[in-house]
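J.: compute the structure for the input listed below.
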Amino acid sequence: MKMVAPWTRFYSNSCCLCCHVRTGTILLGVWYLIINAVVLLILLSALADPDQYHFSSSELGGDFEFMDDANMCIAIAISLLMILICAMATYGAYKQRAAWIIPFFCYQIFDFALNTLVAVTVLVYPNSIQEYIRQLPPNFPYREDIMSVNPTCLVLIILLFISIILTFKGYLISCVWNCYRYINGRNSSDVLVYVTSNDTT
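T.: Now for the predicted structure:
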């Protein structure tokens, strides 16, 4: 009879494209790492040359400052933190260190909760979408086209879009969680085998 490892009985070790959850977590960590690195470069370039990303009041349709120095520094700090978290997850999955994956998993849960809160807000306060669109600058792309859409259809479209995003994010969360359980169970099995072998000798 073929023996099955305990950590493979209750969840899958494969994710999208039939790759292993470790491989999927590494690819996911690298992808987030690249995105946050690009965002960090954009923020640093905007901080170095503020005039390049300056929008006048006439362009924005009102008195509005795109981003001041304080908000820019906060965004840079968040980008650096995200790069650190993604690098930890990638390293933890590659070196099979489960504890290094936990910060990235917590970030995924937090991001999923925020998106769920947006979906609930749209569902409970559907008129807030129209109010938000009215506050956009007059020259905002497709503003008039969006305003002409039936409010009920617009809410359904947005809810459908958010549902697809939540489903995809939930799948990525399960991939990272399965990777954590796989590495944690594998390490526990290795320790058990080591202790058993020492007892027998």
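J.: okay, CA-based contacts and neighbour counts for the rest of this
T.: OK.
J.: which residue packs closest to Ile109, ignoring adjacent ones?
T.: Distances taken as C-alpha to C-alpha, 6 or more residues apart in numbering put Ile173 closest to Ile109, at 7.4 Å, once the chain neighbours are dropped.
J.: which ones are touching the one you found?
T.: Going by C-alpha atoms under 8 Å, 6 or more residues apart in numbering, Ile173 touches Phe105, Gln108, Ile109.
J.: separate out the buried members of those residues.
T.: Buried by 16 or more other C-alpha atoms under 10 Å: Phe105, Gln108, out of those.
J.: dump the contacts of Ile173 to a markdown table, plus secondary structure.
T.: Listed next are these as a markdown table, based on DSSP: H, G, I helix; E, B strand; the rest coil:
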| residue | secondary structure |
| --- | --- |
| Phe105 | helix |
| Gln108 | helix |
| Ile109 | helix |
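J.: which of the contacts of Ile173 sits closest to Asn71?
T.: Gln108 (23.1 Å; C-alpha to C-alpha).
J.: from Ala46, how far out is the closest one?
T.: Using C-alpha to C-alpha, to the nearest Å, one gets 27 Å for the distance from Gln108 to Ala46.
J.: could you do Tyr94 as well?
T.: The spacing between Tyr94 and Ala46, counted by C-alpha to C-alpha, is 34 Å.
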